[in-house]
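Q: no sequence on hand, only this structure:
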């Protein structure tokens, strides 16, 4: 499973951080989200899928 | 359940339909929408679409739904619960076994007399087109209402250099987020050239054919080529009047499972609701609350869809922390929690004089309990509040 973020869509809503903090993070001074782990294990699939579904700007995609 | 109808083609309705399929519903699925457009996302309308950064196509909600029947361009006009039939404005009847009510809200119209041309609202794609067509770079625009839409439109127009005055009866903009944020918002907009008339009512909108301006309660006269009325919303629930569906302040009253209640307070089997039209019991609200935010439509739609398909014992309660965002100039405003419950607002941290990135964090308190928070340019800090508020049950 590979996590792809369209960085120019990201508006720092942070819903992905709430859904999957193991994979996404934002800092108060950041302009876009940080991906902590772009190939997370299967145990995180449900959380990452929730992050994809909850993103208000559909900036996140999953491959695999 | 063989046939489900979703009434409403905004974020809540579209998302509910997506969720129904995702949860394994294979029967007949229909979406009814009053607008002719495919479902679109509203947050960009007052910002990216109005400023021209986005096209209309870029505002469309993404995603396909398998085997979906679209009935667009006709609002629902009536409901016969006994027969399980919805009637559209043109008389078409649509039968259902399961129903999701997601008809949303519309902009509240100006309650007084208005000239024929030049007085507008901004809620839909077509509204934005009309407004864009009316506002030239040298126009004078007066916005009645300093809420989120009023402030976002003011910010968008000032970036084009349009002359903007914002009028509100409240002493500060965005009263929902309290005076601390409101005071900074006055600074922010004033620095960008917005003129305010606050604590000031509107006596009349003037002009016969074309708007010429308006007269304030204190007698001051403001010239205007265009007046935007941004004074809140009205629930699209008239079609449910007299059907036994519980309505509170126009909103469809739900239980914590997004199940729609009847006028005796009992859940109606096979009927759920989601989004701006729906009210639900939040633990910080004395009565069911209407949360008109994007994330509320998202969360309720998913919950309403799953619970419509679930056996009663398997239903899961809604757990959604009210949260919104607003982008104005170089400031991202975000909130968490049901802010109307607050009896005071306290500044927790502040770097407001930082010209490049002014920031502010405010807690909303009821007694000693933190019921919410508002952040300006503190995107990480607000997540902590969302987490701690989500950890408490949404309703008891």
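A: Thanks, I have it. Computed from a prediction, not measured in an experiment: that's the story for all the values here.

Q: give me the neighbour count for the residue lying closest to residue A:40 once chain neighbours are set aside.
A: Nearest residue to residue A:40, sequence neighbours excluded (C-beta to C-beta, 6 or more residues apart in numbering or on different chains): residue A:23, at 5.2 Å. C-beta here means a position set from N, CA and C on the backbone, and glycine is covered the same way. In terms of burial, residue A:23 registers 23 neighbours under the definition other C-beta atoms under 10 Å in any protein chain shown.

Q: wait, residue A:23 touches residue A:1, no?
A: No - proximity of residue A:23 to residue A:1 does not meet the contact threshold set by C-beta atoms under 8 Å, at 9.9 Å.

Q: before we move on, back to that, can you give me the pLDDT of the residue nearest to residue A:40?
A: According to the prediction, residue A:23 has pLDDT 97.

Q: the one 3 residues further on now?
A: pLDDT for residue A:26: 94.

Q: for it, what are its contacts?
A: Counting by C-beta atoms under 8 Å, 6 or more residues apart in numbering or on different chains, residue A:26 touches A:12, A:14, A:17, A:33, A:34, B:379, B:380, B:383.

Q: what's the answer for residue B:103, then?
A: By C-beta under 8 Å, 6+ apart, the neighbours of residue B:103 are B:7, B:8, B:13, B:34, B:75, B:76, B:235, B:236, B:237, B:239, B:277.

Q: relative to chain A, how far out is the closest residue to the fifth one other than its chain neighbours?
A: The spatial neighbour of residue B:75 that comes closest, neighbours along the chain excluded (C-beta to C-beta, 6+ apart), is residue B:34 at 3.6 Å. Computed with C-beta to the nearest C-beta, to the nearest Å, the distance linking residue B:34 and chain A is 24 Å.

Q: quick revisit: who touches both of residue A:23 and residue A:1?
A: A:40, A:44, A:48.

Q: can you pull the phi/psi pair for the second one?
A: With angles defined as degrees, to the nearest 10, residue A:44 shows backbone torsions of phi -100, psi 0.

Q: contact partners for the residue nearest to it when sequence neighbours are not counted?
A: Spatial nearest neighbour of residue A:44, excluding adjacent residues (C-beta to C-beta, 6+ apart): residue A:22 at 5.8 Å. By C-beta under 8 Å, 6+ apart, the residues touching residue A:22 are A:36, A:37, A:40, A:44, A:47.

Q: swap the cut-off to 7 Å and go again
A: A:36, A:37, A:40, A:44 (C-beta atoms under 7 Å, 6 or more residues apart in numbering or on different chains).

Q: repeat for residue B:15
A: Listed by C-beta under 7 Å, 6+ apart, the contact partners of residue B:15 are B:297, B:298, B:301, B:302.

Q: same check, this time on residue B:172
A: B:179, B:182, B:183, B:185, B:186, B:198.

Q: considering the residues you listed, which possesses the most neighbours?
A: Counting by other C-beta under 10 Å, top hit in these: residue B:185 with 25 neighbours.

Q: now that one, nearest residue through space, not along the chain?
A: residue B:173 (4.5 Å).

Q: for that neighbour, which residues are in contact?
A: Contacts of residue B:173 (C-beta under 7 Å, 6+ apart): B:146, B:151, B:182, B:185, B:186.

Q: in TSV: those residues, plus pLDDT.
A: TSV is the format used below for these (pLDDT from 0 to 100):
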residue	pLDDT
B:146	98
B:151	98
B:182	98
B:185	98
B:186	98
